[in-house]
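> fold the following for me, if possible:
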Amino acid sequence: MKEQATTSRIAVVNCGSSSIRYQVFDAASGQRLARAIVENVGTAQAALQLHWRDEGAAGAQRETRSTASVSDHRQGFEWLFDVARQAPALIPGPDLLGFGHRVVHGGEKFREPTLVDDAVLAAINAMSALAPLHNPACALGIDVLRRLVPGLAHVAVFDTAFHQTMPEHAFRYALPDELYTGHAVRRYGFHGTSHSYVARRAAGHLGIAPQQMRAISLHLGAGASATAIDRGISVDTSMGMTPLEGLMMGTRCGDVDPALPFYLARQAQMPLDAIETMLSQRSGLLGVGGTADMREIETRAEDGDAPATLAFEMFCYRVKKTVGAYMAALGGADALIFTGGIGENSIRVRSRVCQGLGALGIVIDEQRNAAAQSSTGRAEDAGAVADVHSDASVVRILVVPTDEEGEIARQALAVIRRPDAR
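Numbers count the residues shown, from 1 in each chain. Below you'll find the predicted structure:
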(Lines give C-alpha, C1' and ligand atoms only; values in the text may rest on other atoms or scores of the structure.)
Protein backbone atom coordinates (compact mmCIF):
# COMPACT_ATOMS: atom_id res chain seq x y z
CA MET A 1 0.00 0.00 0.00
CA LYS A 2 1.34 3.42 -0.96
CA GLU A 3 2.06 5.63 2.05
CA GLN A 4 0.00 8.84 2.07
CA ALA A 5 2.03 12.05 2.08
CA THR A 6 1.67 14.20 5.16
CA THR A 7 1.41 17.96 4.82
CA SER A 8 3.86 19.85 7.02
CA ARG A 9 2.92 23.19 8.51
CA ILE A 10 4.67 26.23 9.94
CA ALA A 11 2.99 28.76 12.27
CA VAL A 12 3.74 32.49 12.41
CA VAL A 13 3.14 34.43 15.62
CA ASN A 14 3.02 38.19 16.18
CA CYS A 15 2.21 39.19 19.76
CA GLY A 16 1.35 42.71 20.84
CA SER A 17 0.83 43.91 24.38
CA SER A 18 -2.89 43.08 24.15
CA SER A 19 -3.12 41.03 20.96
CA ILE A 20 -2.15 37.75 19.31
CA ARG A 21 -1.86 37.33 15.55
CA TYR A 22 -1.42 33.71 14.53
CA GLN A 23 -1.18 32.26 11.02
CA VAL A 24 -0.42 28.80 9.68
CA PHE A 25 1.17 28.04 6.31
CA ASP A 26 1.70 24.92 4.25
CA ALA A 27 5.45 24.32 4.50
CA ALA A 28 5.77 22.99 0.97
CA SER A 29 3.65 25.42 -1.04
CA GLY A 30 3.74 28.48 1.22
CA GLN A 31 -0.04 28.67 1.01
CA ARG A 32 -1.75 30.35 3.96
CA LEU A 33 -4.05 27.74 5.51
CA ALA A 34 -5.62 29.65 8.39
CA ARG A 35 -5.24 32.71 10.56
CA ALA A 36 -6.50 33.93 13.91
CA ILE A 37 -6.53 37.26 15.69
CA VAL A 38 -7.11 37.71 19.41
CA GLU A 39 -7.63 41.31 20.52
CA ASN A 40 -8.16 42.99 23.90
CA VAL A 41 -6.14 40.38 25.78
CA GLY A 42 -6.26 41.12 29.49
CA THR A 43 -9.90 42.24 29.46
CA ALA A 44 -13.34 40.73 29.94
CA GLN A 45 -14.19 41.54 26.31
CA ALA A 46 -11.47 39.80 24.34
CA ALA A 47 -12.37 39.16 20.70
CA LEU A 48 -11.28 36.20 18.56
CA GLN A 49 -11.55 35.93 14.77
CA LEU A 50 -10.70 32.75 12.87
CA HIS A 51 -10.33 32.47 9.10
CA TRP A 52 -9.52 29.20 7.36
CA ARG A 53 -9.84 27.19 4.18
CA ASP A 54 -12.36 24.38 4.53
CA GLU A 55 -10.74 21.54 2.60
CA GLY A 56 -13.96 19.57 2.93
CA ALA A 57 -15.75 22.24 0.91
CA ALA A 58 -13.33 22.58 -1.98
CA GLY A 59 -11.20 25.11 -0.15
CA ALA A 60 -14.04 27.48 0.68
CA GLN A 61 -13.18 30.33 3.06
CA ARG A 62 -14.71 30.08 6.53
CA GLU A 63 -14.83 32.60 9.36
CA THR A 64 -16.00 32.64 12.94
CA ARG A 65 -15.96 35.24 15.74
CA SER A 66 -16.09 34.82 19.51
CA THR A 67 -15.79 36.91 22.66
CA ALA A 68 -14.63 35.88 26.13
CA SER A 69 -12.86 37.07 29.24
CA VAL A 70 -9.11 36.54 28.69
CA SER A 71 -6.72 37.44 31.50
CA ASP A 72 -3.36 36.97 29.75
CA HIS A 73 -1.60 35.67 26.63
CA ARG A 74 -1.44 32.09 27.87
CA GLN A 75 -5.21 32.02 28.30
CA GLY A 76 -5.51 33.75 24.93
CA PHE A 77 -3.60 30.96 23.18
CA GLU A 78 -5.55 28.28 25.08
CA TRP A 79 -8.82 29.90 24.01
CA LEU A 80 -7.61 30.19 20.42
CA PHE A 81 -6.66 26.50 20.23
CA ASP A 82 -9.93 25.46 21.87
CA VAL A 83 -12.12 27.43 19.46
CA ALA A 84 -9.91 26.33 16.56
CA ARG A 85 -11.11 22.73 16.82
CA GLN A 86 -13.35 23.61 13.87
CA ALA A 87 -10.26 24.85 11.97
CA PRO A 88 -7.75 22.00 12.43
CA ALA A 89 -4.99 23.79 10.49
CA LEU A 90 -4.59 26.16 13.44
CA ILE A 91 -4.06 23.47 16.07
CA PRO A 92 -0.50 22.29 16.84
CA GLY A 93 0.02 18.65 15.92
CA PRO A 94 2.68 16.17 14.76
CA ASP A 95 2.91 17.84 11.34
CA LEU A 96 3.65 21.31 12.78
CA LEU A 97 7.37 21.94 12.27
CA GLY A 98 7.56 24.95 14.56
CA PHE A 99 6.83 28.61 15.06
CA GLY A 100 8.22 31.74 13.45
CA HIS A 101 7.94 34.76 15.74
CA ARG A 102 8.01 38.37 14.61
CA VAL A 103 10.38 40.22 16.94
CA VAL A 104 10.65 43.96 16.43
CA HIS A 105 14.12 44.71 17.77
CA GLY A 106 17.22 42.53 17.53
CA GLY A 107 19.76 45.28 18.17
CA GLU A 108 23.24 44.55 16.85
CA LYS A 109 23.24 41.04 18.30
CA PHE A 110 20.87 39.43 15.80
CA ARG A 111 21.66 39.82 12.11
CA GLU A 112 19.55 36.90 10.88
CA PRO A 113 16.62 34.68 11.96
CA THR A 114 17.66 32.77 15.06
CA LEU A 115 16.55 29.55 16.73
CA VAL A 116 15.27 30.46 20.19
CA ASP A 117 16.75 28.98 23.35
CA ASP A 118 16.83 30.38 26.89
CA ALA A 119 19.78 32.66 26.10
CA VAL A 120 18.15 34.09 22.96
CA LEU A 121 14.89 34.71 24.83
CA ALA A 122 16.81 36.50 27.59
CA ALA A 123 18.56 38.66 24.97
CA ILE A 124 15.23 39.63 23.38
CA ASN A 125 13.95 40.66 26.79
CA ALA A 126 17.15 42.59 27.48
CA MET A 127 16.53 44.72 24.37
CA SER A 128 13.16 45.90 25.69
CA ALA A 129 14.68 49.31 26.44
CA LEU A 130 15.12 49.78 22.67
CA ALA A 131 11.53 48.73 21.89
CA PRO A 132 9.50 48.96 25.11
CA LEU A 133 6.13 48.69 23.35
CA HIS A 134 7.09 45.64 21.29
CA ASN A 135 9.89 43.38 22.55
CA PRO A 136 8.28 42.48 25.90
CA ALA A 137 5.15 41.26 24.10
CA CYS A 138 7.23 39.37 21.51
CA ALA A 139 9.22 37.63 24.26
CA LEU A 140 6.05 36.87 26.20
CA GLY A 141 4.46 35.13 23.19
CA ILE A 142 7.56 32.99 22.67
CA ASP A 143 7.71 32.05 26.35
CA VAL A 144 4.02 31.15 26.54
CA LEU A 145 4.12 28.92 23.45
CA ARG A 146 7.35 27.20 24.53
CA ARG A 147 5.56 26.18 27.72
CA LEU A 148 2.17 25.49 26.15
CA VAL A 149 3.47 23.47 23.17
CA PRO A 150 6.82 22.02 24.33
CA GLY A 151 9.21 20.23 22.02
CA LEU A 152 8.72 22.35 18.89
CA ALA A 153 11.23 24.72 17.33
CA HIS A 154 10.82 28.47 17.74
CA VAL A 155 12.56 30.94 15.41
CA ALA A 156 12.82 34.67 16.09
CA VAL A 157 12.65 36.76 12.89
CA PHE A 158 13.78 40.31 13.58
CA ASP A 159 12.43 43.47 11.91
CA THR A 160 15.87 45.02 12.30
CA ALA A 161 17.97 42.17 10.86
CA PHE A 162 17.75 43.16 7.19
CA HIS A 163 19.25 46.56 7.99
CA GLN A 164 22.31 45.22 9.80
CA THR A 165 24.17 45.51 6.48
CA MET A 166 24.10 49.32 6.66
CA PRO A 167 27.59 50.87 6.70
CA GLU A 168 28.62 52.72 9.84
CA HIS A 169 28.44 56.12 8.16
CA ALA A 170 24.73 55.43 7.54
CA PHE A 171 23.74 53.96 10.90
CA ARG A 172 25.72 56.19 13.27
CA TYR A 173 24.32 59.42 14.73
CA ALA A 174 26.54 62.50 15.08
CA LEU A 175 26.69 62.09 18.85
CA PRO A 176 29.54 61.39 21.31
CA ASP A 177 31.09 58.01 20.64
CA GLU A 178 30.34 56.69 24.12
CA LEU A 179 26.61 56.83 23.43
CA TYR A 180 27.09 54.25 20.69
CA THR A 181 29.71 52.10 22.40
CA GLY A 182 28.10 52.24 25.83
CA HIS A 183 24.39 52.57 25.15
CA ALA A 184 23.86 51.19 21.61
CA VAL A 185 22.54 54.53 20.31
CA ARG A 186 22.41 54.20 16.52
CA ARG A 187 20.00 53.78 13.62
CA TYR A 188 18.60 50.24 13.43
CA GLY A 189 15.69 50.49 10.98
CA PHE A 190 12.50 48.46 10.91
CA HIS A 191 10.06 46.82 8.47
CA GLY A 192 13.05 44.76 7.38
CA THR A 193 10.98 41.64 6.72
CA SER A 194 8.74 43.58 4.34
CA HIS A 195 11.58 45.39 2.57
CA SER A 196 13.45 42.11 2.12
CA TYR A 197 10.39 40.35 0.74
CA VAL A 198 9.34 43.01 -1.78
CA ALA A 199 12.92 43.52 -2.96
CA ARG A 200 13.23 39.82 -3.74
CA ARG A 201 9.87 39.83 -5.57
CA ALA A 202 10.82 42.96 -7.49
CA ALA A 203 14.10 41.41 -8.63
CA GLY A 204 12.24 38.32 -9.78
CA HIS A 205 9.78 40.50 -11.68
CA LEU A 206 12.66 42.31 -13.37
CA GLY A 207 14.30 39.02 -14.24
CA ILE A 208 17.51 39.69 -12.34
CA ALA A 209 19.11 38.35 -9.17
CA PRO A 210 18.59 40.46 -6.03
CA GLN A 211 22.39 40.88 -5.93
CA GLN A 212 22.19 42.74 -9.24
CA MET A 213 19.49 45.22 -8.24
CA ARG A 214 19.50 48.74 -6.88
CA ALA A 215 16.10 49.74 -5.55
CA ILE A 216 14.24 52.11 -3.27
CA SER A 217 11.56 50.34 -1.27
CA LEU A 218 8.69 52.40 0.19
CA HIS A 219 6.69 50.58 2.87
CA LEU A 220 3.82 53.03 3.36
CA GLY A 221 1.12 52.26 5.89
CA ALA A 222 0.21 53.19 9.45
CA GLY A 223 3.95 52.86 9.96
CA ALA A 224 6.04 54.07 7.04
CA SER A 225 9.67 53.64 6.09
CA ALA A 226 11.94 53.81 3.06
CA THR A 227 15.00 51.67 2.38
CA ALA A 228 17.85 52.06 -0.08
CA ILE A 229 18.83 48.63 -1.39
CA ASP A 230 22.13 48.11 -3.23
CA ARG A 231 22.94 44.70 -4.71
CA GLY A 232 20.17 43.13 -2.64
CA ILE A 233 21.20 44.52 0.77
CA SER A 234 20.00 47.46 2.85
CA VAL A 235 22.47 50.37 2.83
CA ASP A 236 20.22 53.03 4.39
CA THR A 237 16.75 53.29 5.87
CA SER A 238 14.55 56.07 7.20
CA MET A 239 13.53 54.68 10.60
CA GLY A 240 16.14 55.01 13.30
CA MET A 241 16.89 53.80 16.78
CA THR A 242 13.12 53.50 17.16
CA PRO A 243 10.26 53.42 14.61
CA LEU A 244 9.53 57.08 15.41
CA GLU A 245 12.22 58.53 13.13
CA GLY A 246 11.85 59.13 9.42
CA LEU A 247 8.74 59.55 7.30
CA MET A 248 5.44 61.01 8.47
CA MET A 249 3.14 58.14 9.55
CA GLY A 250 -0.39 57.46 10.72
CA THR A 251 0.13 58.65 14.29
CA ARG A 252 3.93 59.11 14.46
CA CYS A 253 5.57 62.42 13.67
CA GLY A 254 8.65 61.16 11.86
CA ASP A 255 11.57 63.60 11.69
CA VAL A 256 11.34 66.66 13.94
CA ASP A 257 13.89 69.01 15.48
CA PRO A 258 15.60 67.08 18.33
CA ALA A 259 15.22 70.20 20.49
CA LEU A 260 11.43 70.00 20.35
CA PRO A 261 10.95 67.83 23.48
CA PHE A 262 13.10 70.22 25.54
CA TYR A 263 11.17 73.21 24.25
CA LEU A 264 7.83 71.61 25.12
CA ALA A 265 9.09 70.58 28.56
CA ARG A 266 10.17 74.16 29.33
CA GLN A 267 7.52 76.24 27.59
CA ALA A 268 4.44 74.01 27.87
CA GLN A 269 5.46 72.22 31.08
CA MET A 270 4.78 68.90 29.39
CA PRO A 271 6.24 65.83 31.16
CA LEU A 272 8.49 63.59 29.10
CA ASP A 273 6.01 60.69 28.98
CA ALA A 274 3.32 63.04 27.65
CA ILE A 275 5.68 64.32 24.96
CA GLU A 276 6.60 60.75 23.98
CA THR A 277 2.92 59.79 23.75
CA MET A 278 2.15 62.84 21.64
CA LEU A 279 4.98 62.20 19.19
CA SER A 280 4.15 58.51 18.74
CA GLN A 281 0.37 58.34 19.14
CA ARG A 282 -1.12 61.79 18.42
CA SER A 283 0.99 63.13 15.57
CA GLY A 284 1.46 62.26 11.88
CA LEU A 285 -1.66 62.15 9.73
CA LEU A 286 -3.79 62.14 12.88
CA GLY A 287 -2.15 65.22 14.36
CA VAL A 288 -2.25 67.29 11.16
CA GLY A 289 -5.33 65.94 9.38
CA GLY A 290 -7.49 64.68 12.24
CA THR A 291 -7.40 61.01 11.25
CA ALA A 292 -4.74 58.34 10.85
CA ASP A 293 -6.59 56.74 7.91
CA MET A 294 -5.17 57.83 4.56
CA ARG A 295 -8.41 56.84 2.82
CA GLU A 296 -10.32 59.37 4.90
CA ILE A 297 -7.56 61.94 4.43
CA GLU A 298 -7.87 61.60 0.65
CA THR A 299 -11.67 61.78 0.67
CA ARG A 300 -11.69 64.89 2.83
CA ALA A 301 -8.90 66.49 0.79
CA GLU A 302 -10.92 65.96 -2.39
CA ASP A 303 -13.78 67.82 -0.69
CA GLY A 304 -11.49 70.76 0.01
CA ASP A 305 -10.77 70.11 3.68
CA ALA A 306 -7.66 72.18 4.47
CA PRO A 307 -6.16 70.07 7.31
CA ALA A 308 -6.60 66.87 5.30
CA THR A 309 -5.06 68.49 2.22
CA LEU A 310 -2.08 69.64 4.25
CA ALA A 311 -1.62 66.19 5.80
CA PHE A 312 -1.71 64.55 2.36
CA GLU A 313 0.79 67.00 0.89
CA MET A 314 3.15 66.70 3.87
CA PHE A 315 3.08 62.89 3.73
CA CYS A 316 3.83 62.72 0.00
CA TYR A 317 6.44 65.50 0.09
CA ARG A 318 8.47 63.78 2.79
CA VAL A 319 8.39 60.48 0.89
CA LYS A 320 9.45 62.26 -2.30
CA LYS A 321 12.39 63.98 -0.53
CA THR A 322 13.57 60.61 0.75
CA VAL A 323 13.33 59.07 -2.72
CA GLY A 324 15.57 61.87 -4.02
CA ALA A 325 18.08 61.38 -1.21
CA TYR A 326 18.26 57.63 -1.80
CA MET A 327 18.63 58.08 -5.55
CA ALA A 328 21.70 60.17 -4.75
CA ALA A 329 23.02 57.64 -2.23
CA LEU A 330 22.61 54.74 -4.66
CA GLY A 331 23.75 56.61 -7.77
CA GLY A 332 20.52 55.64 -9.50
CA ALA A 333 18.06 52.77 -9.18
CA ASP A 334 16.56 49.97 -11.20
CA ALA A 335 13.24 50.09 -9.35
CA LEU A 336 11.08 52.23 -7.08
CA ILE A 337 8.85 49.90 -5.06
CA PHE A 338 5.55 50.84 -3.42
CA THR A 339 4.20 48.47 -0.77
CA GLY A 340 2.20 48.50 2.48
CA GLY A 341 -1.46 49.42 2.91
CA ILE A 342 -1.05 52.93 1.48
CA GLY A 343 1.66 52.09 -1.03
CA GLU A 344 -0.34 49.25 -2.53
CA ASN A 345 -3.76 50.89 -2.55
CA SER A 346 -3.43 54.67 -2.86
CA ILE A 347 -3.35 55.79 -6.48
CA ARG A 348 -3.08 59.44 -5.41
CA VAL A 349 -0.13 58.90 -3.06
CA ARG A 350 1.86 57.01 -5.71
CA SER A 351 1.09 59.71 -8.27
CA ARG A 352 1.96 62.61 -5.96
CA VAL A 353 5.20 61.03 -4.75
CA CYS A 354 6.41 60.48 -8.32
CA GLN A 355 5.27 63.87 -9.63
CA GLY A 356 8.23 66.01 -10.68
CA LEU A 357 10.83 63.26 -10.43
CA GLY A 358 11.39 63.02 -14.19
CA ALA A 359 14.86 64.53 -13.84
CA LEU A 360 15.76 61.44 -11.76
CA GLY A 361 14.39 59.08 -14.40
CA ILE A 362 11.17 58.39 -12.47
CA VAL A 363 8.05 58.89 -14.58
CA ILE A 364 4.72 57.34 -13.62
CA ASP A 365 2.02 56.33 -16.11
CA GLU A 366 -1.28 57.51 -14.66
CA GLN A 367 -3.40 54.97 -16.52
CA ARG A 368 -1.25 52.05 -15.38
CA ASN A 369 -1.17 53.54 -11.88
CA ALA A 370 -4.98 53.67 -11.73
CA ALA A 371 -5.29 50.14 -13.10
CA ALA A 372 -2.88 48.77 -10.50
CA GLN A 373 -5.45 49.16 -7.73
CA SER A 374 -7.48 46.24 -9.02
CA SER A 375 -4.51 43.90 -9.51
CA THR A 376 -3.05 44.20 -6.02
CA GLY A 377 -4.37 44.30 -2.50
CA ARG A 378 -4.35 42.69 0.91
CA ALA A 379 -5.64 39.31 -0.19
CA GLU A 380 -5.10 35.98 1.52
CA ASP A 381 -2.16 35.37 -0.76
CA ALA A 382 0.11 38.03 -2.20
CA GLY A 383 -1.14 39.52 -5.46
CA ALA A 384 0.71 40.18 -8.68
CA VAL A 385 3.42 42.78 -9.09
CA ALA A 386 2.15 45.75 -11.12
CA ASP A 387 4.22 48.01 -13.39
CA VAL A 388 3.03 51.61 -13.13
CA HIS A 389 5.90 53.46 -14.83
CA SER A 390 5.76 55.25 -18.16
CA ASP A 391 7.61 53.81 -21.14
CA ALA A 392 9.80 56.92 -20.86
CA SER A 393 10.81 56.10 -17.28
CA VAL A 394 14.39 54.98 -16.69
CA VAL A 395 13.43 53.58 -13.29
CA ARG A 396 10.82 50.83 -13.12
CA ILE A 397 8.01 51.81 -10.75
CA LEU A 398 6.45 48.74 -9.17
CA VAL A 399 3.54 48.05 -6.82
CA VAL A 400 4.48 44.93 -4.89
CA PRO A 401 1.99 43.53 -2.34
CA THR A 402 3.91 42.65 0.79
CA ASP A 403 3.50 39.45 2.79
CA GLU A 404 5.44 39.81 6.02
CA GLU A 405 3.90 36.72 7.60
CA GLY A 406 4.68 34.60 4.57
CA GLU A 407 8.26 35.88 4.63
CA ILE A 408 8.58 35.07 8.34
CA ALA A 409 7.33 31.55 7.58
CA ARG A 410 9.90 31.17 4.79
CA GLN A 411 12.78 32.41 6.94
CA ALA A 412 11.74 30.33 9.97
CA LEU A 413 11.52 27.18 7.83
CA ALA A 414 15.02 27.77 6.47
CA VAL A 415 16.37 27.88 10.03
CA ILE A 416 14.38 24.86 11.22
CA ARG A 417 15.58 22.78 8.28
CA ARG A 418 19.26 23.51 8.84
CA PRO A 419 21.19 20.39 9.91
CA ASP A 420 22.32 22.12 13.11
CA ALA A 421 18.82 23.25 14.13
CA ARG A 422 17.98 20.23 16.28
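> how does this protein divide into domains?
9-158, 209-406 (automatic domain parsing).
> pull the distance from the last one to the chain's centre.
Centre-to-centre, domain 209-406 and its host chain are 13 Å apart (CA atoms, centre = their mean, to the nearest Å).
> stretch 398-417 now?
11 Å.
> okay, strands next: where are they in the chain?
Shown for the chain, the strands assigned by DSSP state E span residues 9-16, 19-26, 32-39, 43-54, 60-70, 96-103, 114-115, 153-158, 214-220, 224-230, 233-237, 335-339, 386-387, 396-399.
> now tabulate those strands in CSV and tack on distance to residue 358.
In this view, the C-beta of every residue, glycine as well, is placed from N, C-alpha and C. Shown next, in CSV, are the strands of the chain (distance: least, CB to CB, whole Å):
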stretch, distance to residue 358
strand 9-16, 40
strand 19-26, 41
strand 32-39, 39
strand 43-54, 43
strand 60-70, 44
strand 96-103, 38
strand 114-115, 44
strand 153-158, 38
strand 214-220, 16
strand 224-230, 20
strand 233-237, 23
strand 335-339, 13
strand 386-387, 17
strand 396-399, 12
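> mind checking these for the one nearest to residue 346?
Closest to residue 346 of these is strand 214-220 (CB to CB; 7.7 Å).
> could you give the angle of that closest one to strand 224-230?
Inter-element angle recorded for strand 214-220 and strand 224-230: 170 degrees (by axes from the mean of the first three to the mean of the last three CA atoms, to 10 degrees).
> what sits up against strand 214-220?
Here strand 214-220 makes contact (CB atoms under 8 Å, 6 or more residues apart in numbering) with 191, 194-195, 198-199, 202-203, 224-231, 247, 319, 323, 326-327, 330-343, 346, 349, 353, 402.
> closest one to residue 413 among the domains of the chain?
domain 9-158 (5.4 Å).
> indicate which one of the strands of the chain is closest to residue 304.
strand 214-220 (24.0 Å).
> how about stretch 326-337: buried residues?
326-327, 330, 333-337 (16 or more other CB atoms under 10 Å).
> of those residues, closest to residue 263?
residue 326 (30.2 Å).
> that closest one contacts residue 229, correct?
No - the pair residue 326 / residue 229 is not scored as a contact, 9.0 Å apart, by CB atoms under 8 Å.
> follow-up on the earlier one: which of the contacts of strand 214-220 count as buried?
Using 16+ other CB under 10 Å, the buried members of the contacts of strand 214-220 are 191, 194-195, 198-199, 202-203, 224-230, 247, 319, 323, 326-327, 330, 333-343, 346, 349, 353, 402.
> ok, residue 39 - how many residues close by?
If you count neighbours by other CB atoms under 10 Å, residue 39 ends up with 18.
> quick one: it and residue 18 touch, right?
Yes - contact criterion CB under 8 Å: residue 39 and residue 18 qualify, at 7.0 Å.
> give the bridge partners for the residue lying closest to residue 396 once chain neighbours are set aside, please.
Spatial nearest neighbour of residue 396, chain neighbours left out: residue 335 (4.6 Å); criterion: CB to CB, 6 or more residues apart in numbering. In this entry, residue 335 is beta-bridged to residue 215, residue 396, by DSSP bridges.
> ok, residue 335 touching residue 204?
No - counting by CB under 8 Å, residue 335 does not reach residue 204; the two are 11.4 Å apart.
> tell me if I'm right that residue 226 and residue 245 touch.
No - with contact defined as CB under 8 Å, residue 226 does not reach residue 245; the gap is 11.5 Å.
> give me the common contacts of the two.
Joint contacts of residue 226 and residue 245 (CB under 8 Å, 6+ apart) are residue 238.
> list the buried residues in stretch 79-88.
Judged by neighbour count using 16+ other CB under 10 Å, the buried positions of stretch 79-88 are 79-81, 83-84, 87.
> do stretch 253-271 as well
Within stretch 253-271, judged by 16+ other CB under 10 Å, the buried ones are 253-254, 261, 264, 270.
> what's the closest of those residues to residue 112?
residue 254 (28.3 Å).
> report the contact partners of the nearest residue to that closest one once chain neighbours are set aside.
Nearest residue to residue 254, sequence neighbours excluded (CB to CB, 6+ apart): residue 248, at 4.5 Å. Each residue near residue 248 by CB under 8 Å, 6+ apart is listed here: 224, 254, 284-285, 288, 314-315, 318.
> run the last query once more with 7 Å
Residues in contact with residue 248 (CB atoms under 7 Å, 6 or more residues apart in numbering) are 254, 284, 314-315, 318.
> any chance of those residues in a markdown table with pLDDT as columns?
Below are the contacts of residue 248 laid out as a markdown table (pLDDT from 0 to 100):
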| residue | pLDDT |
| --- | --- |
| 254 | 98 |
| 284 | 98 |
| 314 | 98 |
| 315 | 98 |
| 318 | 98 |
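> can you name the two of the residues you listed that sit furthest apart?
Going by CB to CB, the pair spanning the contacts of residue 248 furthest: 284 and 318, at 10.5 Å.
> what sits in contact with each of the two?
248, 254.
> neighbour count winner among these two?
Neighbours were counted for residue 284 and for residue 318 using other CB under 10 Å; residue 284 has more, 26 against 20.
> and that one, how far from residue 224?
To residue 224, residue 284 is 9 Å away according to CB to CB, to the nearest Å.
> just the contacts of residue 248 now: which is nearest residue 362?
So of the contacts of residue 248, ranked by how close each gets to residue 362 (CB to CB), first place is residue 318, at 16.3 Å.
> pretty sure residue 209 contacts residue 203?
Yes - here residue 209 reaches residue 203: they are 6.3 Å apart, a contact under CB atoms under 7 Å.
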